[in-house]
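Enquirer: okay, here's the prediction I keep looking at, along with the sequence it came from:
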Amino acid sequence: MKQKKYGLPTAITMIVGIVIGSGIFFKSDNILVYTGGNVAIGILVFSLAAISIIFGGVAVGELAARTDEPGGLVTYAQQFCSDRAACGFGWFQLFLYCPSLVCVVSWVGALYTFMLFGVESTLLQQVLLGCGYILLFFSLNIISAKLGGYFQNLATIIKLLPLMLIAGVGLLFGDPLPMMGESLSTAASVSPGWIAAVGPIAFAFDGWIISTSVAHEIKDSKRNLPLALIISPLFILLAYILYFVGISALVGPEQVMAMGDAHVDYAANLLFGPSGAKILLVFIVVSVLGTVNGLVLGLIRMPHALAIRGMLPASHLFSSIHSKLGVSLPSALFSFALSLCWMVIHYFTQRYGLLPNSDISEISITILYGGYLVLYWKVIQLARQGEIQSPLRGYVVPLLASVGSLFILWGGMQNPLFPLYALTCAGVLFLSQWYYRRAFSSPKES
């Protein structure tokens, strides 16, 4: 029997550690740009977007509580929908969603590392250091799953420090009440384009679903994973709102928008001077790298989860678990290669400005929320079949989760690049279904 490595604290820190990381630090300026600098509207969008993961986590927890099989989202799609749906979800996560997140967050980690050392870096240097971080965390999680879990716990604790420091000082000394009063008084006049702020906010909230890929390795997962999926989102929403208001009050919305990603370094220098700012940036770098670690922790298991179902070419190469490492080595190496490929794509999109005010990580995020609707409907079906006795958990929760997902999907559609993103996602899903038909329609496998 496979050894259970992770307890409830690690499950919670995994979700918090994946979600809280780079997004809140380098997307706050994008959010303010979309809301015209209006902080109150920003808080509103944060709260509306949070519905998707607060209730989505509870809904997915209902599915997680009914299986111990490996694969996370792939398992839920297979057991509660169909093999065809599982293949689509799996390919989407493996080839598009997860590796693009790994590469962008690693790049952000490199960006803040150069800031930490006061080095003027080129995009190529940032990308190369990002590749180094990818190599580091793949190696860490291949060598020792427990070591990766320990780093996740430590990074989650460390990453909360800069959030709470900036939030606390901003709220205490940044005079937020006049700012909020002005934001509320002008909220009605803000352009409807504020809905596009859902894109960067979805990135800041994203990653929680990846924790389900290690559900089968969590002790008493039928109890602990649903608990983690409930506790973590509430904590994350509170932390994000406090930070968003704090940084806006401290630096000023206009200054945050003008400075872009550099506003974090500016705030750190404002608070603690050059020396203290270095310490705060160390915490931020660890925070971002903790997100990379959490993403990698889930990604290295995905080829294996598909392979044991025969849903990848050459599945026999990925289906065995290394007796000493506790993971599939070919699965981990394939995931590593995919992450590097996406880093190359990221370099060219940034180098030539192909995705203005965006990046490759946003290609799949909003589309995936559309996919969650299928799982939420399955929860409702379980309630209708009498398997979920509580009307709150069986009907109200998945309906609210669906509303949250539709809100994020609608907001994503306001982005001018959405048709390109949708086309890219459709291409991956088409390939998954083409392979599924090819693999499972032959006489020997039918």
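Expert: Received it, and whenever you're ready, just let me know what you need.

Enquirer: ok, F283 touching L163?
Expert: No - contact between F283 and L163 fails when scored by CB atoms under 8 Å: they sit 9.0 Å apart. C-beta here means a position set from N, CA and C on the backbone, and glycine is covered the same way.

Enquirer: of the two, which one has the most company?
Expert: Neighbours were counted for F283 and for L163 using other CB atoms under 10 Å; L163 has more, 21 against 18.

Enquirer: neighbours of G294, how many?
Expert: Neighbour number of G294 under other CB under 10 Å is 33.

Enquirer: with the one 3 residues further on instead?
Expert: For L297, the count of nearby residues is 28 (other CB under 10 Å).

Enquirer: can you check the pLDDT for it?
Expert: pLDDT, L297: 82.

Enquirer: how about the helix or strand containing it: buried residues?
Expert: Using DSSP states H and E, the secondary-structure element containing L297 is helix 263-299. Residues of helix 263-299 classed as buried: 263-269, 271, 277-278, 280-299 (neighbour count, 16 or more other CB atoms under 10 Å).

Enquirer: can you pull the contacts of A332?
Expert: F138, N141, I142, I300 (CB atoms under 8 Å, 6 or more residues apart in numbering).

Enquirer: now do whichever strand or helix holds it: distance to the chain's middle.
Expert: A332 belongs to helix 329-351 when assigned by DSSP H and E. Between the centre of helix 329-351 and the centre of its chain there are 17 Å (CA atoms, centre = their mean, to the nearest Å).

Enquirer: show me what the helix or strand following that helix is packed against.
Expert: As assigned by DSSP H and E, the chain's next helix or strand after helix 329-351 is helix 362-384. Judged by 3 or more CB pairs under 8 Å, 6 or more residues apart in numbering; DSSP states H and E, helix 362-384 is in contact with helix 39-64, helix 73-80, helix 83-91, helix 198-205, helix 397-413, helix 418-440.

Enquirer: kindly recompute the last result at 6 Å.
Expert: Judged by 3 or more CB pairs under 6 Å, 6 or more residues apart in numbering; DSSP states H and E, helix 362-384 is in contact with helix 39-64, helix 198-205, helix 397-413, helix 418-440.

Enquirer: for those helices, which one ends up most surrounded?
Expert: Among the helices and strands packed on helix 362-384, ranked by average contacts under mean count of other CB atoms under 10 Å, first place goes to helix 198-205 (a mean of 27).

Enquirer: now L225, nearest residue through space, not along the chain?
Expert: Nearest in space to L225, with sequence neighbours left out and distances taken as CB to CB, 6 or more residues apart in numbering, is A64 at 4.6 Å.

Enquirer: and the one you found, how far is that from L400?
Expert: 18 Å (CB to CB, to the nearest Å).

Enquirer: got it, and R437?
Expert: Separation of R437 from L400 (CB to CB): 36 Å.

Enquirer: residues contacting stretch 77-91, please?
Expert: L63, T67, L73, V74, L306, M311, K378, V428, L429, S432, Y436 (CB atoms under 6 Å, 6 or more residues apart in numbering).

Enquirer: quick one: contacts for the nearest residue to I41 once chain neighbours are set aside?
Expert: Sequence neighbours aside, T35 is the residue nearest to I41 in space, at 4.2 Å (criterion: CB to CB, 6+ apart). Each residue near T35 by CB under 6 Å, 6+ apart is listed here: I41, G42, W194, A197.

Enquirer: which one of those residues is nearest G353?
Expert: Lowest distance from G353 to the contacts of T35 (CB to CB) belongs to A197, with 21.0 Å.

Enquirer: for that closest one, list the residues it contacts.
Expert: Contacts of A197 (CB under 6 Å, 6+ apart): I31, Y34, T35, V45.

Enquirer: the spatially closest residue to it that is not a sequence neighbour: how many residues sit nearby?
Expert: Ranked by CB to CB, 6+ apart and with sequence neighbours excluded, the top spatial neighbour of A197 is Y34, at 3.7 Å. Y34 is flanked by 26 other residues according to other CB under 10 Å.

Enquirer: cheers, nothing more for now.
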